[in-house]
Structures are given as C-alpha cells and as structure tokens.
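> Could you look at this predicted model? Sequence included:
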Amino acid sequence: MPERIGSHWSRNVQADVVAVHWNERTILIGKCKWGADTVDKATVRALIERTIPLVLADLPDKGVGWQVIPAIFARAGGTPAARTELTTRDGVLVDVTQLWGDLAS
C-alpha cells in the first residue's frame with residue numbers, strides 16, 4: 001500500500017497520479033486520459049520517456065534505485081500497442097470499467 005497518493009506538479013512536469021511507498025522505494029507514476037479516444041502507444045511512450053524521468057528527477061535522491069510502475073488511467077482503454085508497451089515496462093492500464101469494478105468491491 002502506498003504511503004502517499006496524489007499528483008505532482010513542478011516547473012518541468014505534471015503527473016496526474018503519483019503513489020509513493022517511501023520505505024520500499026516504489027513509485028507509481030500515471031497519466032489520466034478521460035477523452036473518448038483510446039490511448040495510443042505514443043501516449044504511453046511520453047509517460048515513460050518524458051514524464052517519469054522528470055518526476056524522478058524531482059525526488060531528493062533523483063529516483064536512483066526506485067522501482068517505478070507506469071500507469072495509464074483511461075476512459076476508453078488503450079490500443080493493443082499501448083497495452084503491449086505498458087506490459088513490457090511492468091505498467092498498468094486501468095479503464096473505466098475496471099475502475100468502477102474496483103470501486104464497487
């Protein structure tokens with residue numbers, strides 16, 4: 001369980017969802033996409049290649065030695081290529097159906 005959940009804003013980056021477990025040095029960094037279009041691979045790559053490194057750079061130790069979990073929260077889900085990209089990075093994609101199911105239980 002994370003110790004803190006929220007978002008992260010700095011001059012360089014905005015991360016919609018950040019969940020941190022300081023003692024275990026684990027951080028989930030996510031993006032929310034609530035439009036009608038499915039999330040594509042380019043959106044996942046932007047999270048992984050731009051957002052995550054910039055958020056880690058804002059940590060006191062610059063994110064060295066942290067386990068990072070990339071996450072996309074998407075109303076319409078993701079394309080197969082987006083899902084594959086997240087899977088290869090040990091990430092998660094949560095669509096609205098899964099989110100409502102999890103909230104109901």
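On my side now, so go ahead. Residues are numbered from 1 along each chain as shown.

> The residue nearest the centre of the chain bridge partners, please.
The centroid of the chain falls nearest to Gly30 when counting by C-alpha atoms, centre = their mean (2.0 Å). With DSSP bridges as the criterion, Gly30 is bridged to Val17, Ala71.

> Please look at it and Ser7 and confirm they touch.
No. In this structure Gly30 lies outside contact range of Ser7 using C-beta atoms under 8 Å: 9.3 Å. All C-beta atoms are positioned from the backbone trio N, CA, C, and that covers glycine.

> so what sits against both of those two?
Taking C-beta atoms under 8 Å, 6 or more residues apart in numbering as the contact criterion, the common neighbours of Gly30 and Ser7 are 15-18.

> can you redo the residues you listed as JSON lines with pLDDT, neighbour count and distance to Glu49?
Listed next are the shared contacts of Gly30 and Ser7 as JSON lines, based on pLDDT from 0 to 100; neighbours: other C-beta atoms under 10 Å; distance: C-beta to C-beta, whole Å:
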{"residue": "Ala15", "pLDDT": "97", "neighbour count": "23", "distance to Glu49": "14"}
{"residue": "Asp16", "pLDDT": "97", "neighbour count": "19", "distance to Glu49": "17"}
{"residue": "Val17", "pLDDT": "97", "neighbour count": "17", "distance to Glu49": "18"}
{"residue": "Val18", "pLDDT": "98", "neighbour count": "18", "distance to Glu49": "17"}
